[in-house]
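Novice: here is my input; please provide its structure:
(one chain, ligands or ions: 1)
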Amino acid sequence: MTQDELKALVGQAALQYVTPGEIVGVGTGSTVNKFIDALASIKDQIAGAVSSSEASTARLKALGIPVFEANAVGELSVYIDGADEIDARGHMVKGGGAALTREKIVAAQSRRFVCIADESKLVQALGAFPLPVEVIPMATARLVRQFAALGGQASVRMKDGATLVTDNGQHILDVTGLQITDPLAFESDVNQWPGVVTVGVFANQKASVCLLGTASGVKTLTF
Ligand code: 5RP
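Specialist: Numbering: from 1, shown residues only. As a prediction, the model looks like this:
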């Protein structure tokens, strides 16, 4: 099976976690796009979605799924999203699609985080994928130095020859060379650095379940 087919497999499998009549939290990325496409097939059975990005909002709306503001609704029963890396305890690195801040907000508003990923995303330890960090632009140079002090090399993410601007009007640093041995402590520490909006380690908002697409089908990991 191709990676694209594995993504479609887990996108479809995630439908079993959607409660009829409710609003579902929706993440961002190519795997979530498969989930959104699958969700369209049961759109008459759900109340709508809270979305984690302008891109997912546009896709949901184009398929006729109502999108609600996070502030307009209460706690959600489930949030479904992909990951760049997930470890055996459900800790993740996210933000490859630059949507990490809104992803963490919707995840925090949800009782359960169902991660959908192909098996290439399962890792022994987080840190091989460059860690995305959303930052306030005026803090960039100092944050680059602060990551360097931890042994990391941070670079400002570019898109189409210009600095990428997130849905929140901020920038992304991608940091390589980090050893994230204690994801919970790392997340709490870096989140307090002035100028950091959100660090892409999801340990406080870790996955409850991971639907992992493998050559032999969907494996369900629970944490
Ligand atoms: C976006 C994310 C995505 O969930 C992550 O990048 C995985 O994306 P994909 O499903 O395209 O591999 O965190 O900010």
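Novice: for the ligand, see how far away the residue nearest in space to the middle of the chain is.
Specialist: The residue at the geometric middle of the chain, judged as the C-alpha nearest the mean C-alpha position with C-alpha atoms, centre = their mean, is K94 (4.6 Å). Distance of K94 to the ligand, given as C-beta to the nearest ligand atom, to the nearest Å: 3 Å. For glycine as for every other residue, the C-beta is placed from the backbone atoms N, C-alpha and C.
Novice: and what of L76?
Specialist: The spacing between L76 and the ligand, counted by C-beta to the nearest ligand atom, is 17 Å.
Novice: burial of that residue, as a residue count?
Specialist: L76 has 22 neighbours, counted by other C-beta atoms under 10 Å.
Novice: kindly report the same for R145.
Specialist: 10.
Novice: do A154 as well
Specialist: Residues near A154, counting by other C-beta under 10 Å, number 24.
Novice: wait, it sits on F147?
Specialist: Yes: counting by C-beta atoms under 8 Å, A154 touches F147, with 4.3 Å between them.
Novice: just checking, what packs against the longest strand anywhere in the chain?
Specialist: For the chain, the longest strand by residue count, based on DSSP state E, is strand 110-118. In terms of contacts (3 or more C-beta pairs under 8 Å, 6 or more residues apart in numbering; DSSP states H and E), strand 110-118 is packed against helix 3-13, helix 30-40, strand 76-81, strand 209-214.
Novice: the next helix or strand after the third one and the ligand, are they touching?
Specialist: Beyond strand 76-81 on the C-terminal side, the first helix or strand identified by DSSP states H and E is strand 85-86. No: counting by C-beta under 6 Å from any ligand atom, the ligand is not contacted by strand 85-86; separation bottoms out at 9.2 Å.
Novice: try stretch 208-223
Specialist: No: judged by C-beta under 6 Å from any ligand atom, stretch 208-223 makes no contact with the ligand; its nearest approach is 10.7 Å.
Novice: report the buried residues of that stretch.
Specialist: Along stretch 208-223, these residues count as buried under the neighbour rule (16 or more other C-beta atoms under 10 Å): S208, V209, C210, L211, L212, G213, V218, L221.
Novice: my guess is the second one meets V218, correct?
Specialist: Pointing back at V209 there. No: checked against C-beta under 8 Å, the pair V209 and V218 is beyond contact range at 11.1 Å.
Novice: give the contact list for E22.
Specialist: I46, A47, L76, S77 (C-beta atoms under 8 Å, 6 or more residues apart in numbering).
Novice: from Q146, how far out is it?
Specialist: 41 Å (C-beta to C-beta, to the nearest Å).
Novice: same deal with G200?
Specialist: Distance, G200 to Q146, using C-beta to C-beta: 16 Å.
Novice: which phi and psi does the residue located most distally from the centre of the chain have?
Specialist: Computed with C-alpha atoms, centre = their mean, the maximum C-alpha offset from the centroid of the chain is found at A149, amounting to 26.6 Å. For A149, the backbone dihedrals are phi -70, psi -20 (criterion: degrees, to the nearest 10).
Novice: likewise I105?
Specialist: Note on I105: its backbone torsions stand at phi -60, psi -50 [degrees, to the nearest 10].
Novice: hmm, it is touching L76, no?
Specialist: No: counting by C-beta under 8 Å, I105 sits too far from L76 to count as a contact (11.2 Å).
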